[in-house]
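Chemist: A predicted structure for the sequence below; I have some questions about it.
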Amino acid sequence: MKVIILAGGSGTRLWPLSRDRYPKQFIKLHGDKPSLFQETFARSLLIADIDDIYVVTNEKYKFLVMGAVEEMGYDYKESNILSEPEAKNTLPAIYAGVYEVSKKNSDSVVVFPSDHKILKSIDFAEVIRSSEKLTQGNIITFGIQPDGPNTGYGYISPGKEKLNGYMVEEFKEKPDYDTALSYIEKGYFWNSGIFMFNSDFFINEVKTHAQEIHNAFDSSEGIEEAFSKINEKISIDYGIMEKSENVAVVPVDIGWNDLGSFDAFYDVFEKDENKNIVDSSNIVFDSKNNYIYSESGKLVAAVGVEDLIVVDNRDALLICKKDQSQKVKDVVETLKSKNDLRTAYHVQDYRPWGHYKVLEEEKDSFKIKRIKINQGKKISYQLHHHRSEHWIVVKGMAKVTIEGLESFVSAGESIFIKTGQKHRLENPGKTPLEIIEVQMGEYLEEDDIVRFDQ
């Protein structure tokens, strides 16, 4: 059995926690517990060997995938990470994974979105194994028993029973409240967006119902070329599931939640006696039914408030009523229309070599960062036209190259890089390297960089 994990989405409805450069599947949403991606990867290992797990993701998330799996203690082949050159929705992403799987042999494939919360992973693994026979001649989707008239999910109308599931009569788009009530009365399921099928059968269904995608891959040398030949963004639901006559739904009770909005947190995260989700660093009095999150070191005190979402990052504060949290995506669209980089970047940004956090800045004057370089990693050889940099080592030993000359800088020591000098920072040690970087200049944005191959 093979697994394809979809890890390319951006999660705009969870802004400002989730941003384009660091989306919700990689965020540790609740303390130091694993991220949603890490939970998905661990779930995949219950049904497949690690070499049979493929991750389809955006190129800019590739190092986040590697870092997340490495943190779990696994050695994962980089060749199993398939990078989408651009987002084309779920069907091209899934087909990219299936096409890679099919190079080896025909097999059963399970497709997991990486941003879903599933509380009963072991139970789900058993259901997946018991459903494998149903993949002979069918594409399976897993249906969730609704616990209320949710208008944020698609619905599935079940038909004739078959093995441990039902043939699908019809897929229903996200309904209004009254329509959702009627669907529940008729015994419809929520569409979980988790799929299972035989790889050869799925390829034939794509050839029948989405020939452009099939032909794009069949006539290309790799994903990048194939994606360039796909003209439209298309979901698996619209491209295949709603058109195929060979779709079955298997009902599951697995504690599923897609965490599509802040409202959804209330079903899965621990609450206090007043139904607040709040960590111990914040203070609440006479308040109930709230979700309150703040960055480490930032105190939020709430008094006499109800039904609020409060997310306080250093560069953005979100306050909204719980029943309005679906509209957070409208905030993101407004910011994007203004080219506001806070839709893409956190003050903490993650890179292949580690991460940095902006501690303080004054536009076109100075910026102070705390930078962490993972052991054995290095930043590219580069220069900046508009700024100088002063590095102070806080922890570890830094190997610094300036204009080809190497030196070592220990904790408590510092070094200065002039504007226009080629330079590189490297961690040759076996523990993380931490430095404070002070940038000064008339332009301090991330695009003031020239990289060299050396």
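Modeler: Right, received. Where do you want to start?

Chemist: hey, where'd the strands end up in the stretch 301-450 of the chain?
Modeler: 301-303, 308-312, 317-321, 348-351, 354-362, 366-373, 381-383, 387-395, 397-402, 405-410, 414-417, 423-426, 433-441, 450-452 (DSSP state E, counting those that start in this stretch).

Chemist: the residue lying closest to I122 once chain neighbours are set aside and K120, how far apart?
Modeler: Leaving aside its sequence neighbours, I122 sits nearest to L46 (C-beta to C-beta, 6 or more residues apart in numbering; 6.7 Å). C-betas here are computed from N, CA, C, even on glycine. Per C-beta to C-beta, to the nearest Å, L46 is found 11 Å from K120.

Chemist: in the chain, where is pLDDT below threshold?
Modeler: 31, 454 (pLDDT under 70).

Chemist: can you show me the helices along it?
Modeler: Listed in chain order, the helices of the chain (DSSP state H) span 36-44, 62-71, 90-102, 121-130, 177-185, 199-209, 211-218, 223-228, 236, 328-337.

Chemist: could I get the ones you listed as CSV with mean neighbour count and distance to V400?
Modeler: Output for the helices of the chain, formatted as CSV (neighbours: other C-beta atoms under 10 Å; distance: least, C-beta to C-beta, whole Å):
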stretch, mean neighbour count, distance to V400
helix 36-44, 22, 33
helix 62-71, 18, 22
helix 90-102, 23, 40
helix 121-130, 16, 45
helix 177-185, 14, 60
helix 199-209, 18, 49
helix 211-218, 18, 45
helix 223-228, 17, 35
helix 236, 24, 49
helix 328-337, 15, 37
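
Chemist: quick check: Q348 touching K369?
Modeler: No. Counting by C-beta atoms under 8 Å, Q348 does not reach K369; the two are 9.7 Å apart.

Chemist: need the residues touching each of these two.
Modeler: Shared contacts of Q348 and K369 (C-beta atoms under 8 Å, 6 or more residues apart in numbering): 356-358.

Chemist: residues in contact with the residue nearest to Y293 when sequence neighbours are not counted?
Modeler: Sequence neighbours aside, V311 is the residue nearest to Y293 in space, at 4.9 Å (criterion: C-beta to C-beta, 6+ apart). With contacts defined as C-beta under 8 Å, 6+ apart, V311 is in contact with 16-17, 262, 291, 293-294, 317-318.

Chemist: quick check: buried residues in stretch 338-354?
Modeler: Neighbour counts over stretch 338-354 (16 or more other C-beta atoms under 10 Å) mark 342-351, 353-354 as buried.

Chemist: can you list the helices of the chain in JSON lines and add distance to E170?
Modeler: Formatted as JSON lines, the helices of the chain follow (distance: least, C-beta to C-beta, whole Å):
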{"stretch": "helix 36-44", "distance to E170": "29"}
{"stretch": "helix 62-71", "distance to E170": "36"}
{"stretch": "helix 90-102", "distance to E170": "19"}
{"stretch": "helix 121-130", "distance to E170": "23"}
{"stretch": "helix 177-185", "distance to E170": "11"}
{"stretch": "helix 199-209", "distance to E170": "16"}
{"stretch": "helix 211-218", "distance to E170": "23"}
{"stretch": "helix 223-228", "distance to E170": "31"}
{"stretch": "helix 236", "distance to E170": "16"}
{"stretch": "helix 328-337", "distance to E170": "27"}
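
Chemist: measure the residue with the largest distance to the centre of the chain to S380 for me?
Modeler: Distance from the centre of the chain peaks at L405, with 39.7 Å (C-alpha atoms, centre = their mean). Relative to S380, L405 is positioned 17 Å away (C-beta to C-beta).

Chemist: one more: R451?
Modeler: R451 is 5 Å from S380, where distance means C-beta to C-beta.

Chemist: neighbour-wise, which of the two wins?
Modeler: S380 (16 against 11; other C-beta atoms under 10 Å).

Chemist: got the contact list for that one?
Modeler: Counted by C-beta under 8 Å, 6+ apart, S380 has contacts 424, 451-452.

Chemist: ok, P85 next?
Modeler: P85 touches 59, 223-224, 227-228, counting by C-beta under 8 Å, 6+ apart.

Chemist: likewise I254?
Modeler: With contact taken as C-beta under 8 Å, 6+ apart, I254 is in contact with 118-121, 123-124, 127, 142, 144.

Chemist: reformat the residues you listed as JSON lines; add distance to I53.
Modeler: JSON lines is the format used below for the contacts of I254 (distance: C-beta to C-beta, whole Å):
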{"residue": "I118", "distance to I53": "16"}
{"residue": "L119", "distance to I53": "21"}
{"residue": "K120", "distance to I53": "20"}
{"residue": "S121", "distance to I53": "14"}
{"residue": "D123", "distance to I53": "20"}
{"residue": "F124", "distance to I53": "16"}
{"residue": "V127", "distance to I53": "19"}
{"residue": "F142", "distance to I53": "18"}
{"residue": "I144", "distance to I53": "23"}
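
Chemist: what's the end-to-end length of stretch 308-319?
Modeler: 7 Å (C-alpha to C-alpha, to the nearest Å).

Chemist: what does stretch 51-62 give?
Modeler: Start-to-end, stretch 51-62 (C-alpha to C-alpha) is 17 Å.

Chemist: identify the residues contacting that stretch?
Modeler: Outside stretch 51-62, the residues touching it (C-beta under 8 Å, 6+ apart) are 1-8, 21, 23, 26, 41, 44-45, 64-65, 76-77, 80-85, 87, 93-94, 96-97, 100-101, 114.

Chemist: now do stretch 346-361
Modeler: Stretch 346-361 is contacted by residues 16, 19, 21-22, 26, 63-64, 66-67, 313-315, 366-374, 377-379, 432, 436-437, 444 when judged by C-beta under 8 Å, 6+ apart.

Chemist: restricted to buried residues, select those in PyMOL.
Modeler: In PyMOL syntax, the buried subset of these is picked out as below (16+ other C-beta under 10 Å):
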select buried, resi 16+19+21+22+26+63+64+67+313+314+367+368+369+371+372+373+374+377+378+379+437+444
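
Chemist: am I right that the residue nearest to I122 is in contact with R129?
Modeler: No. Using C-beta under 8 Å, L46 is not in contact with R129, being 9.3 Å away.

Chemist: how close does the closest residue to V168 other than its chain neighbours get to F202?
Modeler: Spatial nearest neighbour of V168, chain neighbours left out: V247 (4.4 Å); criterion: C-beta to C-beta, 6+ apart. Going from V247 to F202 by C-beta to C-beta gives 11 Å.

Chemist: again, but for S130
Modeler: Where F202 is concerned, S130 sits at a distance of 20 Å (C-beta to C-beta).

Chemist: tell me which residue lies nearest the centroid of this protein.
Modeler: The chain, centroid-nearest residue using C-alpha atoms, centre = their mean: Q25 at 3.1 Å.

Chemist: circling back to that earlier point, who touches both of V247 and F202?
Modeler: Joint contacts of V247 and F202 (C-beta under 8 Å, 6+ apart) are I139.
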